[in-house]
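J.: this is a predicted model, with the sequence first.
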Amino acid sequence: MLDSILFYFFAGVAVLSAALMVTRRNAIHSAVFLITTLLATAGIFLQLRAEFLFIAQIILYVGGIMVLFIFVMMLVRLDVALHHIRFRLQRFVALIVALTLGGYISVILFWARKLPGQGLFIQGAAPAERLSPNSEQLAKSLFSSYLLPFEIASVLLLVAMVGAVVMAKNKKGANEP
Amino acid sequence: MHSILDPIISYMHGDGRVILPEMFLLLFALGILIFDFLLEKKEKHLNAMLALFGVGFSSVGLYLQVKQYNLERANPIRETVGLLGFHQTVLVDGFFIVFASLFLAATALVILLSVRYLDLEKEQEGEYYALILLSCIGMMFMASGIDLIVLFLGLETMALSFYVMTGFLRANKRSNEAAMKYLLLGAFSSGILAYGFSLLYGVSASTDIRQIGRMLDARLQYTSAHSFTDWLVILAFVTVAAGLFFKVAAVPFHQWAPDVYEGAPTPITAYVSVASKTASFALLLRLLTSVFGGSQATWLYAIAGVAVASLTWGNLAALTQTNIKRLLAYSSISHVGYILLGVVAGNEIGMVGIMYYLIAYVFMTIGAFAVVVVMRQRGIIGDELEDLDGLYERNPAAAVLLLIFMLSLAGIPATAGFVGKYYILWSLIETHHPVLAVIAALYIVPALYYYLRVVIHAWQKKPGQVPAPQMSSAQAIALGAAVFVSLAAGLYPEPFARLAHYAFGL
Amino acid sequence: MTSPGYFLAHLWLIPLFPLITAALMLLVGRILPKSAVSFFCVGSVFLSFVHAAGAVLQLRNLDPRVYQQILFEWVTPGLMPAFGGLSPFVADWGYLLDPLSAVMILVVTGVGFLIHVYSIGYMGHEGGYYRFFGYMNLFMFAMLTLVLANNLLLLFVGWEGVGLCSYLLIGFYFLKKSASDAGKKAFIVNRVGDTGFLLGIFFIATTFGTIRFTSHNLPDPVAFAGIKETLAAMLEQGRLAYGAPVLTVIALLLFFGACGKSAQLPLYVWLPDAMEGPTPVSALIHAATMVTAGVYMVARMNGIYQLAPIAMDLVAIVGTLTAIFAASMAVAQTDIKRVLAYSTISQLGYMFLALGVGAFSAGIFHLMTHAFFKALLFLGAGSVIHALSGEQDLRKMGGLWNSIPATSRPFLIATLAIAGIPPLAGFFSKDEILGQAFEHLPYLWFIGLLTAGLTAFYMFRLLFLAFFGLSRVPHELEEHIHESPKSMTVPLAILALLSIVGGWFAFPVLWGGESTFANFLAPVFRRVIPEAAEAGPQTALVDFLLMLASVAIAVFGIWLAHLIYIRNPQLHAKLAASWPRLHKLLVNKYYVDEIYDALFVNRIKDLSTGFGLFDAKVIDGIGVDGSAWLARVFSSISMWWDKWVVDGLVNFIGKFTQFLSTPIRMFQTGVFSSYAMFILIGLAGLLLYYGYHMQHHMQELMRNLR
Amino acid sequence: MSLISHHLLSVILFTPLVGALVLIFLPRGSQTLHRIFGNIFGILGFVVSIPLVRYFPIGYKGFTFEESADWIPSIGARYYLGIDGISFLLVMLTTLLGMLAILSSWAAIQNRTKEYYILMLLLQTGMLGVFMSLDFFLFYVFWEVMLVPMYFLIGVWGSERRLYAAIKFFLYTLAGSVLMLLGILALYFNAAKATGMHTFDIPTLLAAVQNPQYAQYFPESLKVWLFWGLFFAFAIKVPMFPFHTWLPDAHTEAPTAGSVILAGVLLKMGTYGFIRFSLPLLPTDPVLRSRIISVLIFLSLVGIIYGAIVCLMQKDMKRLIAYSSVSHLGFCTLGIFALTPQGLSGSVLQQINHGISTGALFLIVGILYERRHTRLISEFGGLSTPMPNYAAIYLIITLSSLGMPLLNGFIGEFTILQGAFVVSKAWAAWGTLGIVLGAAYLLWLYQRVMFGPVTHEVNKTLPDMNLREYAVLIPLVVLAFWIGIYPKPFFGYINNPVEKIVHQVNPTFYQRAALPSLVPSNSLTSSTSPNSASTGGK
Amino acid sequence: MMSPAHYLFLSLALFIIGCIGVITRRNVIIVLMSIELILNAVNINLVLFSRIFGDAAGQVFALFIIADAAAEAAIGLGIIIAFFRNRETVMADEMDLLKW
């Protein structure tokens, strides 16, 4: 019961703020609603007993990524572009396409429920109490089975770092204030 | 005797051996990033040297892997799939080896092409070469990974590097715009792909693609026996396919390609069109063969549809292009159509054909772009068809090379492109897809038309008042290598055919 | 086998002499002096004549009088199905001398020699002297090949060869457009006939398995089968019978070919125009020899014709109709050579009438006599023209009887001969034809008789207009009227002699003659099947009456001509005025040329234009308007349709797809969100398709499971 | 020496290529040097083919001078050369015309001489390869490779609309050949299924198709598809009626030598392909076969007549000759698809003839073009006066082209029509109509160009032919006479291979021979013996 | 916990909303954020499955996806800055130099 209340709460917040995020005109507002969504998702993670991810989501996403976003928004003076949002035909079409797709996938998922195990491989989830401590399990997995991805991720982040530096660097002489 | 090297040596005999080439690349990438600080502005091209060394060492590493793999293959007692490592998340087999050699070759060629180009663009920086090497690492993991996570991270490493490299000419609006579009669309498609991966994990409880494949087969058996439609798997397939089709630029997921090709620095255009596409095909093939192999009959026509659409769209759109890079972008879309037709055939010859086609495609496309790179001079971008006018008078060697690459791209015999198409058509005939074969064959004709447009500009138009493009020696080497393979794989295809067979352990 | 003698053994030399000189003339003739040209060319023809005469003499010693000589195998393209299974198709290069070809080579070389001699004088002042003689000798070669050929294909070589020489010689004055037009017309009309001939050859080849006339004198008659023998064998086995359709078809096709060459209805139109050529050419080619090739060919194939009664009748009818038709046209012509040309056509019609009624030897006999007197007429006309410095219009002649006696006397003889006045050559041959016609098809005889009267009329009209009455020659020419040189008048004299005595080879039996000529030719024209009830020999009385009738009508014709053109010179104008339509019709030659132009020539030209447009517009599309598509206009739908409909394959690929590529470009808007939308649409599409397909797949699997 | 004699075909094949390579290294500037070297290798290309004449066994049915080496073992493609009587003649025609074409362009080509000669020589190699290959893959490679130099010859050295013509030529022919590629693949694949061996070996493949043992692998429907698959490539190359429109453009715009090669050799590749590949693929089922044959014959006949009629309206000499090629090649295909020994023999001979006559016609027009730089008929007239020798040679070639006996064209046309006649009288009848029209347009052309008074002042001083032009044309004239007068040696080369083909393709033709003759042999003998009563004794 | 379908629908909803954001928003920063939303949806899936299977792989994957999202954001924002510097805009429909 509590589960379902929690779920519906988090899910409701997540979906609602996501919807607001994509519809708000003001980019800062959007960012705030995204943060709300991410926090709600973190709640879902917690409910799914992924404590480590819950923390990671809050720290990394909300604390790191979103700050970056807002920082950039400040930098690029979004207010100039705020005014002329027109609802054009293309957007209308786009919306229809997306919603159709969503509806279609929903139907698919709905039908998938008829499958044994709701279309998933294993019937019920393991009871919560039998789960080992999440962080430990994650760490074990991360440093044994998924050691290589871990290493690749470091390369990925290196790329991101180098890339961000390259991109943000002012070209010498070109646009020097 | 114990020495400090012992752990390294033992590592190299264990997990280390399966990522040897990647390790070298990473080392040199880091080396470049550090070394870059030490260099004067005029010496920045030494970074390229270093990067080439990296590729060289990586090749040596690859060669060591080849030797080990061959040894294991030759072992009569134990059936082997290849060199496994890291808890069976990477697999070094013929498939990887051939793809990795293609990546390395493409990387080396692109580095060679870049030096003078970056000089002209005044963007000679170490990060560029580092990113090239890093993206190559990503590609290699896309070919060697047999774990969804490895594959995804490899893909992202490659993709992120490409976003940056596309926008490397920061002062250039086109470059900015291309990078922006590439990034947004790429990230979007990665999201879709990730969604698909998550579903794959969901339906099989594993991230090992071999395990996933087995699971899907079991599910297929089960669902067909009970006449269910396995919608989750379908959804997973569709999202994964959409993500990958985006990366290979198949219609209707292709639209980033022309814009990015046009906006990116030309060597990077070559790299994107060649390496990124090849790597994505490596991934696609891995997934389609080992994950979705069992349900081939169900997705066959979907892929065929995409392939035909790519052929049609690519060829038709290319007809009216006036920008060579855009033209080649559309042409590369049509090439994707051909390669996907090989996937449709899906038999041994089809696979060999894809491999051969990719080998040919890498070299002829890089060659074609290399000519465009050569056209870049101070004050002239050189990527419009008019810029080619009278190339034959201005630089006959470049014109001849351009001709050869264009013919090869069109698939005229005695060039590599023909043999590639030949294999694809063969596989289609063999798997009884005559209609597809006819479509594929007939599209050679409009394709030739637009390739000829390029040739006409270079050979049959009068030159304007533009200086003769000069080839740097690095570019000459790159062009030489490209033309060598484009011709050799057409005149004496045997070694290349062997290579293509080798990729599939044949 | 005993040696057949020098001349027979060297039969192949007969056509070779003129060939050599022809080649010599055409290669190096330009640098030779005229005397050398005359020497070589006339000499070679003379040599041929000598050899021909020798060969004929030696032939008389053979029994049977057939000599065949195969030089080499010529066309050997492999097997074909024919009589008795497969047989190799072989055309030899071989010569056959039998009585028929003997007559022909004598006529050809004899008359040919005389005309060559005449040409020395006639062409003496013309440019291209060497060329003229080269062509003439080439013609001699071709004509001799034609008559000596031992098979149909080689005959066809000669056939085409004479056609070519005719083309070249008609167009000898190539600066005149009418001349080159006439040459072309002759060649093409002949070609039309040749289609029939060629098809006839094919029929013969596939029916008999051979195109050789006879296997006489050949080592292995089975391997070297001949038409004659095979035909006999097939008759014997009952595989062919009298009136067999295939034989009729062959006969008709060959006759169609003959119509072309021998200027019969409906293909005679080229011959009058052919008079554009130099007069000796008209004499040699268009009177004496070439035009009779058709007669020769039909006679040569008499074995088949005898078995094809329908074809025979048709030959006779066409011949007769041509005879009267051409004669009627000759009445109104004012060009001296054209009158003679129509007369030639008419006389050829007689020959075909003879062939058609089965009187082959009569036909050949008329061929021979006609060669004499018609050559004479032409040469005489040439002499007149020479005398008048090129004037050919009868209305501008007259009163030349005494000014050029060496021409006018022989001309009179020839005119009498052609009119059929005994005892000149024409009388005997024509009388024999009419006699035979009366026996077989009396109504044709009647037409033939009318024609004889017409012939006498128009020939004497010609004679009167040219040589008698008041001179209408323009004054500036009058002074220049001169007799021709000896080289021209001597041949005239010889031919005049021949025109008189030529007929005596076949003195009518009635007159106690022996019909030497017919007997000589008899082995060639032997009946293939003995006629069941041979009509009893005509009574002498009938023969006599017939003879009388033809003489009478000839005399009547002469009288009429005299009445109209001498006694009452104004009469013909009145006559013309009282029947204006008829006159106009005749003057305009029944408008046949115009009708042909309207029916065929112009239609083919229209077709050509139409096809050209079809190529350009339909198959090839708007290649002409290539710049339009280069401009890449965003065309309206109608334009698009136009292009599409009229566009062919290449331009379809080139342009239509290029057009298609334009809307494609509309999708490449450069706007990011539309790209992203495309990704979603693609995703949805894949999903839709896949789901749909999967469902079917499942159903199928289930069906299979059950 | 023995090395050369064993690899004679390779030597012939690669001599031009070597020439091209040598030319690459010549300096760009000196045109005379290019011309000299180009001509040396052009002549050399012909000279090395002369030993073939000496050593080729006349009447040999199968392939000889075979050479074989592994090329792409993984797909079974080999470097496999060999010629039979048919390809022997075509090879000789190619080397001869190649030499003459190169010789003819001495003065005509003034720019980019080096590239010109390189491309001519490359083209030569490509064409020879097509006729020599006994490996389908190799064949296809040569078939397509040759398009490239031809494209440039038209596109760079052609006249005003060269680009259009060149692209049209390339695309048109490519469209056909890609379908052929599919046909080849299907054949290859099914033969591999049947024999268990992947090979492109042409004799093996074609034998497999016809082997009744493998009938299940080659059902009739497949043969039909294969046939049509290959058909387009050849039909476009020939070109047969609705596929002919590239030809007038290409011929007209190409430089003289290009037109000569196009008409003389390239078109023959189509007919050669028909003979070598299409015929064995004909289905054996009589209904299917007759359906195919009737379509092809119909197209051939339409081509004959259509081509001839269109000629009549042409204003451009080269265009006219180009259309005449459509007509003449119609005869060739008519002969081929009559499926009789005569038809085929005639067709092969007519291919040679057409190469000689039409090649010569293009050379002749080229001579005028070189002097006046126009090809419009109306620009000429009365040229017999300033150029008598030219007129003579032109006349001979015209006559040869319109089928005058004692010249080559007649022998071919006659034989073809005879062969067609055996099958259907109507075919031959329509074919003869083409002969009439042929005379019409060729003579009309000749008349308009050569006869009459000289209408244009410029034409009055046109020089007659020079020595080089004689050297180019005389061999063709001699050949025209030779084939016309003594074609037996040519038939000697052709007949037996043709017989072999007909045996394979149309065995019913020979079954007629196997039937007991309706005529007792003795009756024939007796009735025709010289001693029989009917004809009298000897 | 709830039935898996609930979570799947939740993730789907976020995914679709993300997609809508990508295709309808002109502001590239918001587009980038929408993409983050999509990745977030993926994470819900992964964590869900990980929970069901009692297996850490899904969570590991999710972790890497967060890392990837961070990397993408970093580079994306870098490119946005570079773009803005040249063009003074971050509107997607003003990226129209490259078309056709």
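T.: That came in fine, so what should we check first?
J.: count of neighbours near the residue in the stretch 51-200 of chain B positioned nearest to chain C?
T.: Closest residue of the stretch 51-200 of chain B to chain C, CB to the nearest CB: residue B:181 (5.3 Å). All C-beta atoms are positioned from the backbone trio N, CA, C, and that covers glycine. Other residues lying near residue B:181 total 28 when counted by other CB atoms under 10 Å in any protein chain shown.
J.: so what's the model's average confidence on the helix or strand harbouring it?
T.: According to DSSP states H and E, residue B:181 maps onto helix B:173-204. Helix B:173-204 carries an average pLDDT of 90.
J.: hmm, whichever helix or strand comes after that helix in reach of chain C?
T.: As assigned by DSSP H and E, the chain's next helix or strand after helix B:173-204 is helix B:209-225. Yes - Helix B:209-225 lies within reach of chain C by CB under 8 Å from any CB of the partner chain, at B:223, B:224, B:225.
J.: weed out the non-buried ones from those.
T.: Using 16 or more other CB atoms under 10 Å in any protein chain shown as the burial test, the residues of helix B:209-225 next to chain C include B:223, B:224 as buried.
J.: nearest to chain C, of the residues of helix B:209-225 next to chain C?
T.: Nearest member of the residues of helix B:209-225 next to chain C to chain C, counting by CB to the nearest CB, is residue B:224, at 4.3 Å.
J.: now do the closest one, the pLDDT please.
T.: Residue-level pLDDT assigned to residue B:224 equals 75.
J.: please apply the same query to residue A:91.
T.: pLDDT, residue A:91: 65.
J.: measure the residue nearest the centre of chain A to residue D:244 for me?
T.: Closest residue to the average C-alpha location of chain A: residue A:38 at 6.1 Å, with CA atoms, centre = their mean. As judged by CB to CB, to the nearest Å, residue A:38 and residue D:244 stand 70 Å apart.
J.: cool, and residue B:32?
T.: 62 Å.
J.: ok, residue C:567 next?
T.: 68 Å.
J.: now residue D:472
T.: Counting by CB to CB, the gap from residue D:472 to residue D:244 is 27 Å.
J.: quick one: low-confidence ranges for the chain?
T.: Picking chain A for this. For chain A, the stretches flagged by pLDDT under 70 are A:77-91, A:93-94, A:109, A:111-133, A:170-177.
J.: oops, chain E please
T.: E:1, E:92-100.
J.: show me where it has its strands.
T.: Using DSSP state E, chain E contains no strands.
J.: residue C:232 contacts residue C:528, doesn't it?
T.: Yes - counting by CB atoms under 8 Å, residue C:232 does reach residue C:528; the two are 7.2 Å apart.
J.: what's the helix or strand for residue 164?
T.: In the absence of a named chain, chain A is used. Per DSSP H and E: helix A:147-168 holds residue A:164.
J.: think we crossed wires, I meant chain D
T.: helix D:162-195.
J.: what about that helix, average pLDDT?
T.: 86.
J.: which residues are in contact with the helix or strand where residue C:555 lies?
T.: Remark: residue C:555 resides in helix C:540-561, with elements defined by DSSP H and E. Outside of helix C:540-561, the residues within contact range by CB atoms under 8 Å, 6 or more residues apart in numbering or on different chains are C:419-422, C:427, C:430-431, C:434-435, C:438, C:445, C:449-450, C:452-461, C:463-464, C:508, C:510.
J.: quick one: check the helix holding residue D:164 for contact with chain C.
T.: Yes - counting by CB under 8 Å from any CB, chain C is contacted by helix D:162-195 at D:164, D:167, D:168, D:171, D:172, D:175.
J.: dump the helix or strand following that helix to PDB, keeping only the CA atoms.
T.: Downstream of helix D:162-195, the first helix or strand assigned by DSSP H and E is helix D:202-210. The C-alpha coordinates for helix D:202-210 follow below in PDB (Å, rounded to 0.1, in the frame of the first residue of the first chain):
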ATOM      1  CA  ILE D 202      32.000 -19.900 -69.200                       C
ATOM      2  CA  PRO D 203      32.100 -23.300 -70.900                       C
ATOM      3  CA  THR D 204      31.400 -25.000 -67.700                       C
ATOM      4  CA  LEU D 205      28.500 -22.800 -66.800                       C
ATOM      5  CA  LEU D 206      26.900 -23.000 -70.100                       C
ATOM      6  CA  ALA D 207      27.300 -26.700 -70.200                       C
ATOM      7  CA  ALA D 208      25.700 -26.900 -66.800                       C
ATOM      8  CA  VAL D 209      22.700 -25.000 -68.000                       C
ATOM      9  CA  GLN D 210      22.200 -27.400 -70.900                       C
END
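J.: is chain B contacted by helix D:202-210?
T.: No - using CB under 8 Å from any CB, helix D:202-210 stays clear of chain B, with a minimum separation of 14.2 Å.
J.: so which elements touch the longest helix belonging to chain E?
T.: When chain E is parsed with DSSP state H, its longest helix is helix E:57-87. Packing contacts for helix E:57-87, counted by 3 or more CB pairs under 8 Å, 6 or more residues apart in numbering or on different chains; DSSP states H and E, involve helix A:51-56, helix A:66-75, helix A:134-143, helix A:147-168, helix B:148-166, helix B:173-204, helix E:28-53.
J.: do you know which of the ones you listed lies nearest chain D?
T.: That would be helix B:148-166 among the helices and strands packed on helix E:57-87, by CB to the nearest CB, at 30.1 Å.
J.: so that closest one, near chain E or not?
T.: Yes - contact between helix B:148-166 and chain E, assessed by CB under 8 Å from any CB, occurs at B:148, B:149, B:152, B:153, B:156, B:160, B:163, B:164.
J.: appreciated, that's everything.
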